[in-house]
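Asker: following is a predicted model, sequence given first.
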Amino acid sequence: DAGVIQSPRHEVTEMGQEVTLRCKPISGHDYLFWYRQTMMRGLELLIYFNNNVPIDDSGMPEDRFSAKMPNASFSTLKIQPSEPRDSAVYFCATAPSGGAGETQYFGPGTRLLVL
Amino acid sequence: AQSVTQLDSHVSVSEGTPVLLRCNYSSSYSPSLFWYVQHPNKGLQLLLKYTSAATLVKGINGFEAEFKKSETSFHLTKPSAHMSDAAEYFCVATRIGFGSNSGYALNFGKGTSLLVTP
């Protein structure tokens, strides 16, 4: 298995531009999570899906952020318009069904820099 | 509210000496607990996890952790550090809320940076 795949790995953009981050989960995993990592705030859960349905988006910082999962093989996290304070590493993670103790498998992350 | 506290932001050990990374959680229940490791510019990799079975959990690369409910602790240890162990380590706990899906959300500690010197 290729693991969780994220693209792009690095993104540099200017303030005000739209940014789209992509994630391909491990096949058969029913849960997909989006996290953000910064020096100041550490790792934060933004949103997670179960069977393509958003379950908890309480971590999404504001309306500029949106996430979709149109099918079991693909998810996007979009920032529009982007701001310098959005600069961070964004991780996608997936997990199988089975209960709270299931392991989450993380992708390599997308390093976003907003100038 | 549930939280995870990693007691040291940085730990430095010499190669071949024991490693201890401390973690406490606060909660009215017993969550599932995990330790993840993050090497520079990499994603997070699971080291080990506790899910209410044996309280002493063995993980990869010689790491282990012991769940102590009375102390609400889940410290990570390794008998002998290797240079390749230098990384950021995260203690993680499941959240509990209403509904069967809530356990999947995780709370992360702030991380402990492990430095291994020759």
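Answerer: Structure received. Because the structure is predicted, anything quoted here is derived from the model rather than measured.
Asker: so B:Asn107 touches B:Gln6, yeah?
Answerer: No - contact criterion C-beta atoms under 8 Å: B:Asn107 and B:Gln6 do not qualify, at 11.5 Å. No exception for glycine: its C-beta is placed from N, CA and C like everyone else's.
Asker: check contacts around the spatially most central residue of chain A.
Answerer: Chain A has A:Trp34 as the residue nearest its centroid, 3.0 Å off, counting by C-alpha atoms, centre = their mean. Contact analysis of A:Trp34 by C-beta atoms under 8 Å, 6 or more residues apart in numbering or on different chains lists A:Cys23, A:Leu45, A:Leu46, A:Ile47, A:Tyr48, A:Ala67, A:Ser75, A:Leu77, A:Tyr90, A:Phe91, A:Cys92.
Asker: A:Leu45 too?
Answerer: A:Phe33, A:Trp34, A:Tyr35, A:Asp56, A:Gly59, B:Ala105, B:Leu106.
Asker: is the nearest residue to the last one once chain neighbours are set aside in a helix, a strand, or coil?
Answerer: The reference is to B:Leu106. Leaving aside its chain neighbours, B:Leu106 sits nearest to B:Val92 (5.1 Å; criterion: C-beta to C-beta, 6 or more residues apart in numbering or on different chains). Under DSSP: H, G, I helix; E, B strand; the rest coil, B:Val92 falls in the strand class.
Asker: any idea what B:Val92 is bridged to?
Answerer: B:Phe34, B:Phe108 (DSSP bridges).
Asker: quick check: buried residues in stretch A:23-42?
Answerer: A:23-26, A:29-37 (16 or more other C-beta atoms under 10 Å in any protein chain shown).
Asker: what's the most distant pair in the residues you listed?
Answerer: A:Asp30 and A:Gln37 (23.8 Å; C-beta to C-beta).
Asker: just confirm the residue nearest to the centre of chain A is within a helix.
Answerer: No - A:Trp34 sits outside any helix when classified using three-state DSSP, being strand.
Asker: for it, list each beta-bridge partner.
Answerer: For A:Trp34, the beta-bridge partners are A:Ile47, A:Cys92 (DSSP bridges).
Asker: could you check the pLDDT of it?
Answerer: What the model reports as pLDDT for A:Trp34 is 96.
Asker: hmm, back to that, take the contacts of A:Trp34 and lay them out in TSV including pLDDT.
Answerer: Converted to TSV, those look like this (pLDDT from 0 to 100):
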residue	pLDDT
A:Cys23	98
A:Leu45	91
A:Leu46	95
A:Ile47	94
A:Tyr48	92
A:Ala67	97
A:Ser75	98
A:Leu77	98
A:Tyr90	97
A:Phe91	96
A:Cys92	96
